[in-house]
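**Q** Can you look at this prediction? I've put the sequence above it.
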Amino acid sequence: MPVVPTREILDRAFSERYGVAAINVINDLSMEAVLAAAEELMAPVILQTSVKHVKMTGLDAMYAMWVAYTKDVRVPVALHLDHCPERDVISACLAKGWNSVLFDASKLSVEENQRQCIEVVAEARRYGADVEGEIEGFKRTEEMTGDEAQHVQSLETVVEFVRATGVDVFAPAIGNAHGTYKTAPHLDSQRVSDIVEATGKPVALHGGTGMSAEQFSDLIARGCAKVNISTALKIAYMKSGYDFMTEHPGDYDPPKLFAAQRAAVMEMAKYHIRLFGSEGKAW
Ligand code: 13P
């Protein structure tokens, strides 16, 4: 099973109520390792790229890696552009072949966000691509004040945004944040149920790193079909590199270091895939 539309992966997960790991990759090694983990567990998976890493690697190089690594892939996979406020980057990624984008206009008014998101959805459709939308934005965990779940738009506003734009998946703020939580986050899981019931669309769960197994299974059962993981990959990648050099001082043979990092990233990805219930769900 090759690269498929993001929506195909999410719609199945949504109707069967399992979660698909949407993992932010940072380079060739992490891209290959996450794909290998998904293949080992026969799980569908979404690989995400941040705007920063697309620019750092170069859009053409990033996409060439994706094509090379997914040429013979045996599980359904899709490539997604994470939080992107820049319309030119969205256009370039869609034209290149990314399967979906998150148009992040959360810093704009809801009206302007909605107006532009309608354009992004129309542009994506021309390429057979899908769109994730957000209107609230997410903090970094270190900026949390504890009352995040209260600062959200009304359900009516969310429903109207999803209806008017036709986004395929919506990313609500429910007390979640990006990074490493200092204490377990208080999540407004009922908001997920309300949005799913009112829109009939899957929800994207952001800030996955550090949530508990109970939180994941509850939120996935409520309709969080896309579960974003980024910080956990960075920790696995960096810490395994640090540990390797600490345990092997003076060993400057890069492939040995890379093997340790690949194993750590694979372990992290497999842990989340199992936790989200998508093991064995490849078709
Ligand atoms: P974490 O970095 O907290 O895992 O969040 C990932 C995310 O939501 C990416 O958009």
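**A** Noted; the coordinates are in hand.
**Q** Show me which residues of the stretch 1-150 of the chain sit near the ligand.
**A** By C-beta under 6 Å from any ligand atom, the residues of the stretch 1-150 of the chain that approach the ligand are 24, 82-83. For the C-beta atoms, the positions are set from N, CA and C on the backbone; glycine is no exception.
**Q** out of everything not next to it in sequence, what's closest to residue 141?
**A** In this structure, residue 141 finds its nearest non-sequential neighbour in residue 179, 3.6 Å apart by C-beta to C-beta, 6 or more residues apart in numbering.
**Q** which parts of stretch 171-178 are buried?
**A** Buried residues in stretch 171-178, counted by 16 or more other C-beta atoms under 10 Å: 171-178.
**Q** Ok, stretch 130-138 next?
**A** 130-136, 138.
**Q** again, but for stretch 117-133
**A** 117, 120-121, 123-124, 129-133.
**Q** just stretch 14-31 next, same as before
**A** Buried residues in stretch 14-31, counted by 16+ other C-beta under 10 Å: 14, 18-26, 28, 30-31.
**Q** Return the subset of those residues lying in helices.
**A** The members of these that map onto helices under DSSP state H are 14, 28, 30-31.
**Q** hang on, the earlier thing: could you dump the buried residues of stretch 117-133 to TSV with pLDDT and secondary structure?
**A** Formatted as TSV, the buried residues of stretch 117-133 follow (pLDDT from 0 to 100; DSSP: H, G, I helix; E, B strand; the rest coil):
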residue	pLDDT	secondary structure
117	98	helix
120	98	helix
121	98	helix
123	98	helix
124	98	helix
129	98	coil
130	98	strand
131	98	strand
132	98	strand
133	98	strand
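**Q** Any idea how many residues pack against the residue of the stretch 1-150 of the chain found nearest the ligand?
**A** Residue nearest to the ligand within the stretch 1-150 of the chain: residue 82 (4.7 Å; C-beta to the nearest ligand atom). For residue 82, the neighbour count with other C-beta atoms under 10 Å is 23.
**Q** Am I right that it falls within a helix?
**A** No - going by DSSP: H, G, I helix; E, B strand; the rest coil, the assignment for residue 82 is strand, not a helix.
**Q** Now it. Nearest residue, chain neighbours left out?
**A** Once flanking residues are discounted, residue 82 sits nearest to residue 48: 4.3 Å by C-beta to C-beta, 6+ apart.
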